[in-house]
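K.L.:
Structure for the following, please:
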Amino acid sequence: MSTDTKQIGLKPYLTPTAVVALSVGSAIGWGSLVVTGGTYLVTGGLMGSVLGLLIGFVMMLMVASHYSFLANRYSGVGGLYNYVKCVFGYDRAFLVAWFLFLIYISIFWANATSIPLFARYFLNRALSFGYLYSIFGYEVYLGEALVTLIVIILVAVLCIKSKKATARCMVILVGIFIIGITICFVTAMAGHGNSGMSMEPAFVPDKNAFQQIFRIAFISPWAFIGFESVSHSAEECHFKQNKLFRILVISLIITTALYIFTILLSVSAYPKSCSSWLDYITHLDSFDGIEGIPAFYAASYYMGDAGIYILMASLLALVLTSLIGMLRATSRLCYAVAQDGILPGRFAKLNNKQIPANTILLIVLMSLPIPFLGRTTISWIVDTTTIGATIIYGFVSVAVFKVAKQEKCRKDYILSAICVAILVLFMAVLLLPGVFSDHTIETETYALLAGWSILGIFFFNSIIRKDHARKFGKAIIVWIALLVFIVLVTLTLASRINDSREDKVMDEIESYMEGTADSEMQAMSREAFLENEKAKLHDANTNSVMVVAGLFVLSLTVLFVNYRSMNKWEKKTAEERDQARDAAFKDPLTGVKSKHAFAVYEGSMETHITDGDMGEFGVIVGDVNGLKRINDTLGHKAGDEYIRSACMMLCEYFKHSPVFRVGGDEFVVILQGHDFNERNEILSAINEKIEGNIGSNNAVISLGTAIYDPGKDESFHEVFKRADGLMYERKQQLKSMGAVTRE
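P.N.:
Residues are numbered from 1 along each chain as shown. Predicted coordinates for the structure are as follows:
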């Protein structure tokens, strides 16, 4: 498991078949046979579940086209993180990576902690030894926790040791559960006609049919999340990216078909003690073992033990493929963000088999406590995938919307606009308080989302502090949007807590009225009892307000700290920019303006002359006499001092005009203002000084002066050229007076 420091990049090896297996295997896990058969049917009924999933399928087809659109334009590892980085920049990319990581690792943990459930359902609780404690009613056993850890480690070893072996395992395992579920479904449908059992009702009675359909549609991203995870391995695909859409469509068709097969299988048979499949599904808690899982009961009913064994093998394959697929996807995501400095550099390295082993080990390390947290806690984390999937699919749609608009791709532009509108609606339904009165999303999930979002703001601050490349912290609107998200999630959490408290108070009032309340409560007078219940509601509301306000203030404080960190970097960047500009515009030897500064100044003056709004000015071209002799006889240090003394003379006489050093011994002065108006007196004085320096060690400079003539000069260069010519004439004159020239 050692890593090689030589970075040679991910190598292509995945075939289209392997990518289909990775996509399907990542999207389908424990929940497809266990959760789907119960939760979906209770929420939407048979037709509501099927139609809701089909709506989700159509949505995912649009999302698949978006991934294909972006994959063909932005190559590289990291999937959506990479796409958003290229389209919107690093801040939004970080936000995407933050939620993607939560989604992928949640699914990984969910399937890892389903292994004890597998043993409880099918192995007569063979691993339930070494009782430790209970968390939210779920008993945690040492045996189950250790076996879960062993499975996680074995999957990690497989993913680290061989890419090709991992891909082959995925293909085989996906083939097992596709064949297994299909066989059980076909057998059940063939025998259902003689079973005497009905698949009625189509919808859950006493509930609006359209509501049932759309509730399933709203949570359908949970059913498909992971199908896009292959985009994180784009560099490892051994085919052109223009084939990606076709591969994703095949994956979605298989995934949707298997979900529908499972739903239909689950309602095809039910125990004799139940009047209908709905009666059975709504009372699952009263059944143990195989009877507690509708799909398995149906397989057993139509195929006997063979059906149970087939579905057991299928379920085990589902769990393993999800573990492998999510571990690969999460490790490639971490590898991509590490390359941009979000994670330490060691996670951007590959081992000698071009596998990001360090990121796989990081995920395993983070997963070590998970088997000891209990299944109930993990189920809350998994619920975050419903909202998280809506967020990331929204990001991919917005990215396509922007790029398609720029490239004038009308079809993709319209499709992405539709998808964005639908996902915004989904998010509103999931976040606005009171919409899901049946608590489709658990209350604790909102607390986890708020906590994860706040943790993301803290983590982002650590990134800004070490961001010497100035890649992050340029889109404050992103963090304002995240603050709004935290507030909405917290408000929903507060609303759910209040609802729970209100239900409890109503139950207590009903018990009091019926005389079944506990003795202490029953002994209270009617007025005292009602006042006590009112106080409970008031306390609950107060606590909710304090929680919302506290989280808001905390988030706002961290955002302010982040803003200060970003502002600090901006000021430092501005200072460095100013220093670089000053260095480029300042001659290091003399301290006057440089040759580069003269070129910029010249360009500006050329523009003014061309525009006809140039004021009066003059140009003095100066050349230091005798520099070569001083360098040859006294050395370059003395020559530098000689240049500095010549420059000081120019600055002394031309105090109101810019002085430029444009060569080793060449200077230019742009006469302006007072110096221009008094040029004759100043030139007379400096030339007298220069002539007096002949024969001494003081500087001698040949000066040529030309005045801008608006009626004659069409460019700055013409003025400069005249001054330069006059400088050479002056050099000859000074030579005749005994001055030493460079010759």
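K.L.:
any idea of the pLDDT on L100?
P.N.:
L100 is assigned 92 on the pLDDT scale.
K.L.:
Run a quick neighbour tally on it.
P.N.:
28 (other Cβ atoms under 10 Å). (Each C-beta comes from the backbone N, C-alpha and C, glycine too.)
K.L.:
my guess is it meets Y81, correct?
P.N.:
Yes: using Cβ atoms under 8 Å, L100 makes contact with Y81 at a distance of 6.6 Å.
K.L.:
A389 reaches G226, doesn't it?
P.N.:
No: if you go by Cβ under 8 Å, A389 and G226 don't touch, sitting 9.0 Å apart.
K.L.:
Quick one: distance of stretch 270-281 to the chain centre.
P.N.:
Here the centre of stretch 270-281 is set off from its chain's centre by 46 Å, with Cα atoms, centre = their mean, to the nearest Å.
K.L.:
go on, stretch 257-268?
P.N.:
35 Å.
K.L.:
Alpha carbons of that stretch, as CSV, please.
P.N.:
Extracted C-alpha coordinates of stretch 257-268, given in CSV (Å, rounded to 0.1, in the frame of the first residue of the first chain):
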residue,chain,number,x,y,z
ALA,A,257,-35.9,-1.4,-14.5
LEU,A,258,-34.4,-3.1,-11.5
TYR,A,259,-36.2,-0.6,-9.1
ILE,A,260,-39.5,-1.2,-10.9
PHE,A,261,-38.9,-5.0,-10.8
THR,A,262,-38.3,-4.8,-7.1
ILE,A,263,-41.5,-2.7,-6.5
LEU,A,264,-43.7,-5.0,-8.5
LEU,A,265,-42.1,-8.1,-6.9
SER,A,266,-42.8,-6.6,-3.5
VAL,A,267,-46.5,-6.3,-4.1
SER,A,268,-46.9,-9.6,-5.9
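K.L.:
check contacts around the residue nearest the centre of the chain.
P.N.:
With distances taken as Cα atoms, centre = their mean, V96 lies nearest the centre of the chain, 2.4 Å away. V96 sits next to 80-81, 84, 392, 395 when contact means Cβ atoms under 8 Å, 6 or more residues apart in numbering.
K.L.:
most surrounded residue in the residues you listed?
P.N.:
Neighbour-wise, the contacts of V96 (other Cβ under 10 Å) top out at Y81, 30 neighbours.
K.L.:
so which helix or strand takes in the residue nearest to that one when sequence neighbours are not counted?
P.N.:
Excluding the flanking residues, the one nearest Y81 by Cβ to Cβ, 6 or more residues apart in numbering is A97, at 4.5 Å. Here A97, judged by DSSP states H and E, is contained in helix 90-112.
K.L.:
ok, now V619?
P.N.:
With DSSP H and E as the criterion, V619 is inside strand 618-624.
K.L.:
chain center to that strand: distance?
P.N.:
59 Å.
K.L.:
Dump the C-alpha coordinates for whichever helix or strand comes after it into CSV.
P.N.:
The helix or strand immediately downstream of strand 618-624 is helix 627-634, counting by DSSP H and E. Taking Å, rounded to 0.1, in the frame of the first residue of the first chain, the C-alpha atoms of helix 627-634 are listed here in CSV:
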residue,chain,number,x,y,z
LEU,A,627,31.5,56.3,-19.6
LYS,A,628,33.5,53.7,-21.5
ARG,A,629,36.8,55.2,-20.5
ILE,A,630,35.8,55.2,-16.8
ASN,A,631,34.6,51.6,-17.0
ASP,A,632,37.8,50.5,-18.7
THR,A,633,40.2,52.4,-16.4
LEU,A,634,38.4,52.6,-13.0
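K.L.:
got the angle for the helix or strand following helix 627-634 vs helix 627-634?
P.N.:
Per DSSP H and E, helix 627-634 leads on to helix 636-653 as the next helix or strand towards the C-terminus. Interaxial angle, helix 636-653 versus helix 627-634 (axes from the mean of the first three to the mean of the last three Cα atoms, to 10 degrees): 140 degrees.
K.L.:
Which strands and helices lie in contact with helix 636-653?
P.N.:
The contact analysis (3 or more Cβ pairs under 8 Å, 6 or more residues apart in numbering; DSSP states H and E) places helix 636-653 against strand 618-624, helix 627-634, strand 659-661, strand 666-671, helix 679-693, strand 701-707.
K.L.:
Nice, that's everything, thank you.
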